Structures are given as C-alpha cells and as structure tokens.
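Participant: coords please:
(one chain, ligands or ions: 2)
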Amino acid sequence: MATPHINAADGAFAETILMPGDPLRAKYIAENFFENAEEVTNVRNMLGYTGTYKGMRISTMGSGMGIPSASIYYKELITEYGVKNIIRVGSCGAVSTDVKLRDIVIAQGACTDSNVNRIRFRGYDFAAIADFGLLEKAVNAARAHKLSVRVGNLFSADLFYTPEPEMFEVMAKHGVLGVDMEAAGLYGVAAEFGAKALTICTVSDVIPSGEKMSSDDRQNSFNEMIEITLDSVIA
Ligand SMILES: O=P(O)(O)O[C@H]1O[C@H](CO)[C@@H](O)[C@H]1O
Ligand SMILES: O=c1cc[nH]c(=O)[nH]1
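Facilitator: Ligands and ions are numbered 1, 2, ... in the order given. Below is the predicted model of the structure:
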C-alpha cells in the first residue's frame, strides 16, 4: 500500500524493476523501451512507471542519489509492493584508466565507506554481493549483444566530493572498477528483506583522466546498458 514516499496503487509495480538514481532516466527507460508505460508514482518527482517489455510486465523508478535515499525506495518496493528483483542501472566513475568512458560494469560485489550494512549486520562486515542468477543472465545478455562488460567490485561512496581522493588509487590497486553511491546499500537491503539484486553501471567519468559525460548523456544515452538489462530479465 501507499507509503510516505510512493503513492502507487497496490499491485502497481511488476516483480522486476530497473532503478537508476535519476528519475528522468527512469522516464527515458519507460518512454523509449517499454510498451504501454504508465506513471505509477510521482511523490517528490521520484518518478516510477510500469509497462511491458517484449510482453513481460516490468517497472522502472528513480532511487535518488546515495544509499540513504535509495534504501527507502528499495525497502518499500520490496515490503509494500512485492518487488522481487531490483536491478540498479546506474552511472559510475572509473578509478583507473584501464576502465574506459562508456564501459559497462556489472557489480558482482560492492565495497563501501557507508555504515549501513554494519548497522544491519550487528557491527560485522557484510559481504555485499549481487544475486548470482541475475548476474549470470546479465553477462549472458551482454554476450548475446556482443558487448564486453567488466564484472567485479564497485565502491559505493557516501560522499561524491570525497576529502580523500588518494583512496581512488587504493581502490584501483585492489581491483575495484568504479565508484557509485548505491550498490552496496542495495545489496544490503535486498539481503535483509529477501529480494534479489544486481547493479549494472555505465562509466560516466574516468576519475584519473578527468574525462566525463554531460548530465544529458547520463540521462539519455545508456541504451546499451538498458537493452542488456531488459533482455536479461526476459531470458
Ligand atoms: O547515475 P546514478 O544512477 O544516479 O548513479 C551515480 O550518479 C550519482 C552521482 O552523480 C549517484 O547516484 C551515483 O551512484
Ligand atoms: O558516484 C559516482 C558516479 C559517477 N562518477 C563518480 O565519480 N561517482
């Protein structure tokens, strides 16, 4: 039922939902990839839509930026709307020049400087990992599209503007592929409330070289990632 943050009717969401941080990317996904898309929620302009993709009922909704915002929507979608599979379709910053602008990164796991998973896991370190079935299907869909993807660790940061930029080198040394702000929180919420989760990101900037996409590109140009994701969920 409706919550303080989601004003959709009961049953308004499909079991599988694609969640970018940006609500206008959710609108773009609904308008350009779904058939019969209908807006189902708009509290705070955090837009959500349900339609079909190749005959399968599917939803998309923005999560906002950062683990605290996104965790509210992830949790309510699971516990109040029966959502079973959440796939974050985000952007990330590469921490090494081996990872290029527009590369697609699938987060098998996510490190973080956020305390949320320690709060929910009684102070211990929770290994924030993707659902293997969703991950495997996404990799297979990328192969079918003849697109190479990077699979590995992201780092979900609380601060976009970090006071500790030297950490990017430490991350690169440890094989982290990029920085986002939600994946580790999504994996923690999914584990706590019994849903499946995956994060797929397109590299929107390369931190060591300073290359970056415009906000318009981040909103409207992630078609390859969206196609892989949608084809993986109908597989
Ligand atoms: O493009 P989205 O999905 O919002 O993801 C990334 O972009 C935002 C920061 O600019 C953060 O939410 C980060 O995780
Ligand atoms: O969270 C993010 C997303 C894109 N680029 C970054 O540097 N950080």
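
Participant: Please report phi then psi for L154.
Facilitator: phi -110, psi 170 (degrees, to the nearest 10).

Participant: give me the beta-bridge partners of it?
Facilitator: A110, G178 (DSSP bridges).

Participant: Check whether it really touches A107, as I assumed.
Facilitator: Yes. Between L154 and A107 there is a contact under CB atoms under 8 Å: 4.3 Å. From N, CA and C alone the C-beta is placed, and that goes for glycine too.

Participant: Quick check: neighbours shared by these two?
Facilitator: D180, A183, T199, C201 (CB atoms under 8 Å, 6 or more residues apart in numbering).

Participant: For the chain, just list every one of the strands.
Facilitator: 16-19, 35-41, 48-53, 56-61, 85-94, 104-112, 149-156, 178-180, 196-206, 211-212 (DSSP state E).

Participant: now those strands in TSV, with mean neighbour count?
Facilitator: Formatted as TSV, these follow (neighbours: other CB atoms under 10 Å):
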stretch	mean neighbour count
strand 16-19	27
strand 35-41	16
strand 48-53	22
strand 56-61	24
strand 85-94	26
strand 104-112	23
strand 149-156	22
strand 178-180	28
strand 196-206	24
strand 211-212	15
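
Participant: Could you export those as JSON lines, including mean pLDDT and distance to R143?
Facilitator: Output for the strands of the chain, formatted as JSON lines (pLDDT from 0 to 100; distance: least, CB to CB, whole Å):
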{"stretch": "strand 16-19", "mean pLDDT": "98", "distance to R143": "20"}
{"stretch": "strand 35-41", "mean pLDDT": "98", "distance to R143": "26"}
{"stretch": "strand 48-53", "mean pLDDT": "98", "distance to R143": "19"}
{"stretch": "strand 56-61", "mean pLDDT": "98", "distance to R143": "20"}
{"stretch": "strand 85-94", "mean pLDDT": "98", "distance to R143": "17"}
{"stretch": "strand 104-112", "mean pLDDT": "98", "distance to R143": "12"}
{"stretch": "strand 149-156", "mean pLDDT": "98", "distance to R143": "9"}
{"stretch": "strand 178-180", "mean pLDDT": "98", "distance to R143": "21"}
{"stretch": "strand 196-206", "mean pLDDT": "98", "distance to R143": "14"}
{"stretch": "strand 211-212", "mean pLDDT": "96", "distance to R143": "27"}
